[in-house]
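Asker: fold the stuff below for me.
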Amino acid sequence: MKLRSLATAVTGLVIFATAALAQITTLEGNVIGADGKPVVGAIIKIHRTDVKWDATTKTDKRGHYIHTGVPLGGVFDMTCTVDGKDVDAIHGVHSQMADHPGTDFDLRKLASANSAATQAAVQKALETGQISDDLKRQMSPEQKAALQKQIDEQSGKIKKQKQLNDSFNEGVVDLQNKQFEPAVAALLKAAEVDPNQPAVYSNLGDAYTGIAKSKTGADFDDNITKALEAYKKALELGPDEAGTHNNYGLALAINKKYPEAEAELRKAAELDPPNAYKKFYNLGALLSNNGQGEPAAKAFKAAIDAAPDNPQNAEAYYQFGMSQVAQCQEKDGKYVCPTGTVETLQKYLKLAPNGPNVPTAQATIQAVGGTIDTTYKNPVTKKK
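Answerer: Numbering: from 1, shown residues only. Predicted structure coming up:
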């Protein structure tokens, strides 16, 4: 009886032991570093949340960890510690029987998230000028000093940009209102703030030119010289600005430097082909107003060549035609004019049948013996 009882007891123990073993399972996974390589020797802390139970394990040379004595059916919080610092945590892990997915710690994702958050915090610090306490805790003293220096520099740049914008905008408004001397003062201030802005010098040239037009003698010379210097500076900083070349050319013409003026206007036309005719026409008008008939005629002809069938360019035909008329000579009661004179004025009438100079053009054509042709159809008009 004793032997049977002992056997029974032993059998019961075996059954009990088997049941107890059935109540445990494993937790395992990998730890991948921020560099994508396995982390060796990382500590994995396992804490059961529903009852008191804690354990630790460590990753091997492959970055793999495993703990085989985990109670089945529990809910666990798992923390990954590297070099004595908790670097990641996973909550709500359920222990299961049989095969189940590993619980991996991928520090690349964490590094990426931390990096993005840190960058956002740094950007906010640069915008506000204040480093948050959380960001300070993440940074070394050297990093904090470097960021503070960057903040100070950024603050200086913002202040400088505001001063530049304020002075420049003030100068442009004065220029638009033909308040040339206040415009010069504001634009010179802008140039002091930032001497590398071509728009500042281009507008400064316009302001000095505006002053020069109302001056004579030494005052004219002084202001037109300053205008030309400002345009040159603007072109050094922005050599491909068609508008600056245009205005520089007009200022040169005012200063009676006609070959240089023509060169600048042609450069402006090259840089802005669609509006080349406007630039040549403006040059022609300026030269004509200054009594430079022959250079003016060349400029009007250049305007015609740049846009021969554009109705907006009609006045170039009129001005060039009248320059040809000025060369007509009377012989035996008839006018002998340069070849193409009548045709030029007729083209004006065709492009601008209601233009301001139509009566003069018609009378001139009749006077020199031509006929008025009104059958022309503009080739740039789209057919319906």
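
Asker: the stretch 51-200 of the chain: helices as residue ranges?
Answerer: 107-128, 133-138, 141-176, 180-193, 198-212 (DSSP state H, counting those that start in this stretch).

Asker: list the buried residues in the shortest one.
Answerer: Buried residues in helix 133-138, counted by 16 or more other Cβ atoms under 10 Å: L135. Placement of C-beta: from N, CA and C, glycine included.

Asker: so what's the gap between it and the chain middle?
Answerer: In terms of Cα atoms, centre = their mean, to the nearest Å, the centre of helix 133-138 is found 33 Å from the chain centre.

Asker: now mean pLDDT too, for the helices of the stretch 51-200 of the chain, in JSON lines please.
Answerer: Output for the helices of the stretch 51-200 of the chain, formatted as JSON lines (pLDDT from 0 to 100):
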{"stretch": "helix 107-128", "mean pLDDT": "73"}
{"stretch": "helix 133-138", "mean pLDDT": "76"}
{"stretch": "helix 141-176", "mean pLDDT": "86"}
{"stretch": "helix 180-193", "mean pLDDT": "95"}
{"stretch": "helix 198-212", "mean pLDDT": "96"}
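
Asker: hey, which of those helices is tucked in deepest?
Answerer: Here the criterion is mean neighbour count by mean count of other Cβ atoms under 10 Å, and of the helices of the stretch 51-200 of the chain the winner is helix 198-212, at a mean of 24.

Asker: between it and helix 141-176, how big is the angle?
Answerer: Helix 198-212 and helix 141-176 meet at an angle of 30 degrees, taking axes from the mean of the first three to the mean of the last three Cα atoms, to 10 degrees as the criterion.

Asker: hang on, K189 packs against L164?
Answerer: No. Look at K189 against L164 with Cβ atoms under 8 Å: they stay out of range, at 9.1 Å.

Asker: can you list the domains in the protein?
Answerer: With automatic domain parsing as the criterion, the domains of the chain are listed as 2-111, 143-226, 240-307, 318-378.

Asker: how close does the nearest residue to D134 once chain neighbours are set aside sit to L147?
Answerer: Leaving aside its chain neighbours, D134 sits nearest to A121 (7.0 Å; criterion: Cβ to Cβ, 6 or more residues apart in numbering). For A121, the distance to L147 equals 10 Å [Cβ to Cβ, to the nearest Å].

Asker: quick check: next helix or strand after the worst-scoring helix or strand of the chain on mean pLDDT?
Answerer: Across the helices and strands of the chain, mean pLDDT, DSSP states H and E gives its lowest value to helix 2-21, namely a mean of 41. Beyond helix 2-21 on the C-terminal side, the first helix or strand identified by DSSP states H and E is strand 24-32.

Asker: who touches that next one?
Answerer: With Cβ atoms under 8 Å, 6 or more residues apart in numbering as the test, strand 24-32 has contacts from 38-39, 42, 44, 46, 59, 62-72, 76, 78, 80, 82, 93, 95-97, 102-108.

Asker: was I right about the residue nearest to D134 contacting L135?
Answerer: Yes. With contacts counted by Cβ under 8 Å, A121 reaches L135, the gap being 4.4 Å.

Asker: on that earlier part again, residues contacting the residue nearest to D134?
Answerer: Listed by Cβ under 8 Å, 6+ apart, the contact partners of A121 are S132, D134, L135.

Asker: which helix or strand contains the residue lying closest to G355 once chain neighbours are set aside?
Answerer: Nearest non-adjacent residue to G355, counting by Cβ to Cβ, 6+ apart: A314, 5.8 Å away. Here A314, judged by DSSP H and E, is contained in helix 314-325.

Asker: send me that helix as PDB with only the CA atoms.
Answerer: Extracted C-alpha coordinates of helix 314-325, given in PDB (Å, rounded to 0.1, in the frame of the first residue of the first chain):
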ATOM      1  CA  ALA A 314       2.800 101.700 -85.000                       C
ATOM      2  CA  GLU A 315       4.300 104.900 -83.700                       C
ATOM      3  CA  ALA A 316       7.800 103.700 -84.600                       C
ATOM      4  CA  TYR A 317       6.600 103.600 -88.200                       C
ATOM      5  CA  TYR A 318       5.300 107.200 -87.900                       C
ATOM      6  CA  GLN A 319       8.400 108.600 -86.300                       C
ATOM      7  CA  PHE A 320      10.700 106.800 -88.800                       C
ATOM      8  CA  GLY A 321       8.500 107.900 -91.700                       C
ATOM      9  CA  MET A 322       8.700 111.500 -90.500                       C
ATOM     10  CA  SER A 323      12.400 111.300 -90.200                       C
ATOM     11  CA  GLN A 324      12.500 110.200 -93.900                       C
ATOM     12  CA  VAL A 325      10.200 113.100 -94.800                       C
END
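
Asker: what pairs with the very next helix or strand once past that helix, parallel or antiparallel?
Answerer: Next along the chain after helix 314-325, taking DSSP H and E as the criterion, comes strand 329-331. Strand 329-331 pairs in its sheet with strand 334-336 (antiparallel), by DSSP bridges.

Asker: pLDDT wise, what is the residue lying closest to V82 once chain neighbours are set aside at?
Answerer: Leaving out its chain neighbours, the residue that sits closest to V82 by Cβ to Cβ, 6+ apart is A42, at 5.1 Å. At A42, the model reports a pLDDT of 95.

Asker: count of neighbours near A42?
Answerer: Other residues within reach of A42, judged by other Cβ atoms under 10 Å, total 24.

Asker: residues near G84, how many?
Answerer: The burial count assigned to G84 is 6, neighbours taken as other Cβ under 10 Å.
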